[in-house]
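1. The following block contains a protein sequence and its predicted model.
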Amino acid sequence: MADVAKRLSTNLDGNFFVDATCINCDTCRQLAPKSFVENGEYSSVYRQPETGSERYQAYQALLACPVGSIGALVPDKAVMRAASESFPLLIEREGARLGAPGAGGCESDVFYNGFNSEKSFGANSYFIRHPDGNWLVDAPRYMKKLVDAFERMGGIADIFLTHEDDIGDAPRYAKHFGAKRVIHRADADAQPDAEWIIDGLDVVEASPDFRIIPVPGHTDGSMALLYRNRYLFTGDHMAWDREINGLRLATVYVWKESALRRSAEKLLELPFEWVLPGHGDRMHLPADRMREELRLLLARRKAGTLLSAT
């Protein structure tokens, strides 16, 4: 739990606060953007939540924080319990697919797990419910609440590891569920006993619904996973950037810039509507618009490279 004695001076006075153990992973800013903001090397509370939905989102952020840096001076146990029960968090509902956001309808099959892991610097992880076997994309903290939730939804058959940095507690989940871990050979030192090793740069058709796409650049063995030509799980390769309101590629710890751009160009050939990253914001756009955003990203990256070379 957060320590009020370590409360950062950049927090706005009020119930919620961030302490000095924050690792600035962005989790809280994704879940509760109306309350948390990046402030130097940390996140902080720039606006205390006022409405019921804002308080709910702030408690989601508190729970998902990988290092327990968010605190509430007077915790609301009922809201905190409801926020905890929201994970795994459904990404979208079928009604939204039909152009009716917030409408009723059947639930979709893609979830954000919450409870981000410090072992992966607070990276997001996801769960895909599928009749032929469920997939975990990267791994959250290993905790009974998530284990029970995954068991209720049919367990885990495969654990897709986007790259060596975001392993999290994948070995524990693999052992509990008897799941196969999938990783690229170039990053396999991080999981040398993984059950499924991907080689080379070719797209792998894992099944009619799943395509594995090597996207070297952030690391030599970075991979993306495309599910049903709709959801693209990108790891640290690509995310939505709220500051520029557009897509961005990895900007730190880049293994090779030229490989990063070629990997992004490869994605132009694939249809997808959701970008679901390890770090950075999720985003949903029509496939044509998403492809245009990717073209704009590549143009910005190329221009930046040319400027840096002059």
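-> Cool, the structure landed.

2. average pLDDT across stretch 33-43?
-> Stretch 33-43 carries an average pLDDT of 96.

3. Residues in contact with it: which ones?
-> 8, 10, 16, 18, 20, 22, 24, 26, 28-29, 44-49, 54, 57-58, 61, 69, 242 (CB atoms under 8 Å, 6 or more residues apart in numbering). (C-beta placed from N, C-alpha, C; glycine too.)

4. again, only this time at 10 Å
-> With CB atoms under 10 Å, 6 or more residues apart in numbering as the test, stretch 33-43 has contacts from 8-12, 14, 16, 18-30, 44-51, 53-55, 57-58, 61, 65, 69-70, 242-243, 281.

5. okay, how far is it across stretch 153-163, tip to tip?
-> Distance across stretch 153-163, first residue to last, is 25 Å (CA to CA, to the nearest Å).

6. what does stretch 17-34 give?
-> Across stretch 17-34, first to last residue, CA to CA, it's 14 Å.

7. can you pull the buried residues of that stretch?
-> For stretch 17-34, a neighbour-count test (16 or more other CB atoms under 10 Å) marks 17-19, 22-32 as buried.

8. That stretch: how far from the chain's middle?
-> 14 Å (CA atoms, centre = their mean, to the nearest Å).

9. For the helix ranked longest in the chain, list every residue counted as buried.
-> Among the segments of the chain that qualify as a helix by DSSP state H, the longest is helix 287-309. Buried residues in helix 287-309, counted by 16+ other CB under 10 Å: M290, R291, E293, L294, L297, L298, R301.

10. Next: stretch 122-138.
-> 122-130, 133-138.

11. mind checking pLDDT for V252?
-> Model confidence at V252, given as pLDDT, is 78.

12. That one contacts L260, doesn't it?
-> No. Assessed by CB atoms under 10 Å, V252 is found out of contact with L260, at 11.7 Å.

13. Look at these two and report which has more neighbours.
-> Taking other CB atoms under 10 Å, V252 and L260 do not tie; L260 has more neighbours (22 against 7).

14. That one: what secondary structure?
-> Recorded secondary structure, L260: helix (DSSP: H, G, I helix; E, B strand; the rest coil).

15. so what's it up against?
-> L260 makes contact with V215, P216, G217, H218, S222, H237, M238, L249, A250, T251, V254, R301, according to CB under 10 Å, 6+ apart.
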